[in-house]
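# no letters, just coordinates:
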């Protein structure tokens, strides 16, 4: 199978690429055990490549695989949100404290200068 056939079947590149076919077969099998369609695709080297010129292999998977991966990543982001929120709240509170201190200092300076003017 080549890349065009894989795309025609609705498969997308998973980011796994190697010159070791057995390694890619193992990754494709791991995806299939999760219940998704995955294929190892022959990926010829780029004609302009200066490096290794042998056949490469990529893993292509079903769109549902990417949706499942996105759900996992989004859940991880949700788990980190409370800590992120607490961090930003603490930073916000520090900035508000600086503003409050500046307000007190400026009011004191205005009062001192006002006292000089009234004397």
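Yep, it's here. Only a predicted model underlies this, so the values are computations on that prediction, with no experimental measurement involved. Residues are numbered from 1 along each chain as shown.
# contact partners of the helix or strand harbouring residue 58?
Using DSSP states H and E, residue 58 maps to strand 56-61. Residues outside strand 56-61 that contact it (CB atoms under 8 Å, 6 or more residues apart in numbering): 3, 6-7, 11-14, 16-21, 24, 27-28, 31, 36-45. Every C-beta, even on glycine, is put in place using the N, C-alpha and C of the backbone.
# residues making contact with stretch 27-38?
Contact with stretch 27-38 is made by 11, 14, 16, 39-40, 59-62, 64-65, 68, as judged by CB under 8 Å, 6+ apart.
# around residue 92, how many other residues sit close by?
Neighbour count of residue 92, defined by other CB atoms under 10 Å: 10.
# let me redo that: residue 18
The tally of other residues near residue 18 (other CB under 10 Å) stands at 15.
# many thanks, I have nothing further to ask.
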